[in-house]
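In: Sequence plus predicted model, see below.
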Amino acid sequence: MSTAPALADVTLRIADVGMRFGGLWALRDVSFEVERGSVVGLIGPNGSGKTTLMNVISGVYKPTSGEVRYAGRRIADVPTHEVCHLGIARTFQVVKPFESLTVRENVAVGAMYGRDGGTRSTRASFERAQELLEIIGLAQVAQRPASDLTAPNRKRLEVAKALALDPEVLLLDEVMAGLNATEVDEALELLRDVNRRGVTLIVVEHLMKAIVSISTTIVVLAEGRKIAQGAPTEVLASPHVIEAYLGSRWAKRQEQLRVIEAERAEAEHMQPHEPNA
């Protein structure tokens with residue numbers, strides 16, 4: 001049984017958060033903690049409240065009930081730009097770069113007006129933008145208009161713009177949607193690199209292979225409520241999660257893959273070994 005993280009290790013605490021729109025509760029009594037340096041996968045069916053929760057954490061919505069604490073400070077009433085200055089940045093499902101600006105200028109805007117609140121010089125902002133484009137893999141198109149970018153590179157730019165804010169916590173909303181298998185692998189390696197640099201990640205994603213490979217913890221929402229939380233393999237084996245989200249076909253396929261892997265391992269073990277000469 002896992003133990004609760006020590007207070008010093010918790011960077012974000014969501015406590016009994018509820019969000020109501022008219023008569024509809026989009027979130028009900030959602031609670032979990034995010035440890036510093038972790039990668040939390042946030043999954044669930046469409047309409048389960050994932051993006052709504054991201055909006056609450058980032059200050060877009062003020063929760064109807066409950067609270068969000070970052071580094072011990074209550075931030076549910078803090079305006080979005082101040083949440084950003086505190087150290088929480090995010091990406092959005094719909095990527096909207098400044099089309100008329102260059103790729104580097106897009107990132108420099110974040111560096112100039114982000115966490116430092118406008119105290120970074122223009123020169124320093126452009127230098128920071130160039131550093132991030134090197135990390136993200138867009139340095140070769142830094143001077144091109146953002147409107148020229150392919151869909152995968154637009155998503156990379158979205159991540160670079162968020163990183164320009166120098167966040168401690170980065171919220172990522174379906175950054176791998178629409179990517180092919182190779183592009184997904186590249187995106188995962190990019191996110192691992194970001195995490196290795198000390199940034200805590202909360203990732204909303206529907207690609208189970210991706211979310212399992214990158215997450216240290218998975219939180220599952222269904223109909224606005226948290227129905228599971230824990231290690232990826234533990235959560236995805238939960239009958240409740242399978243019923244509410246993954247479905248019986250997914251569970252059957254996973255069992256087939258386990259059988260195939262077991263048979264392959266047994267066959268390799270049974271192969272005769274040539275005696276040493």
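Out: Noted; the coordinates are in hand.
In: which residues in this protein form helices?
Out: Along the chain, counting by DSSP state H, helices occupy 50-57, 80-86, 103-113, 122-136, 151-163, 181-196, 208-214, 232-236, 239-241, 248-270.
In: I'd like the ones you listed as TSV, with distance to S65, mean pLDDT and mean neighbour count appended.
Out: No exception for glycine: its C-beta is placed from N, CA and C like everyone else's. As requested, the helices of the chain are exported to TSV (distance: least, CB to CB, whole Å; pLDDT from 0 to 100; neighbours: other CB atoms under 10 Å):
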stretch	distance to S65	mean pLDDT	mean neighbour count
helix 50-57	11	96	23
helix 80-86	19	91	17
helix 103-113	32	93	23
helix 122-136	38	94	18
helix 151-163	28	93	22
helix 181-196	31	92	16
helix 208-214	28	91	18
helix 232-236	25	90	17
helix 239-241	24	88	14
helix 248-270	33	61	10
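In: Could you say which one of those helices comes nearest to R36?
Out: Closest to R36 of those is helix 181-196 (CB to CB; 11.3 Å).
In: same for the closest one, what does it pack against?
Out: When contacts are defined as 3 or more CB pairs under 8 Å, 6 or more residues apart in numbering; DSSP states H and E, helix 181-196 packs onto helix 151-163, strand 200-204, helix 208-214.
In: Can you tell me what sits against the shortest one?
Out: Residues external to strand 200-204 that are found in contact with it (CB atoms under 8 Å, 6 or more residues apart in numbering): 11-12, 34-43, 50-51, 54, 57, 168-175, 191, 194-195, 211, 214-215.
In: From those, list the buried ones, please.
Out: Listed as buried from the contacts of strand 200-204 are 11-12, 34-35, 38-43, 50-51, 54, 57, 168-175, 191, 194-195, 211, 214-215; burial here means 16 or more other CB atoms under 10 Å.
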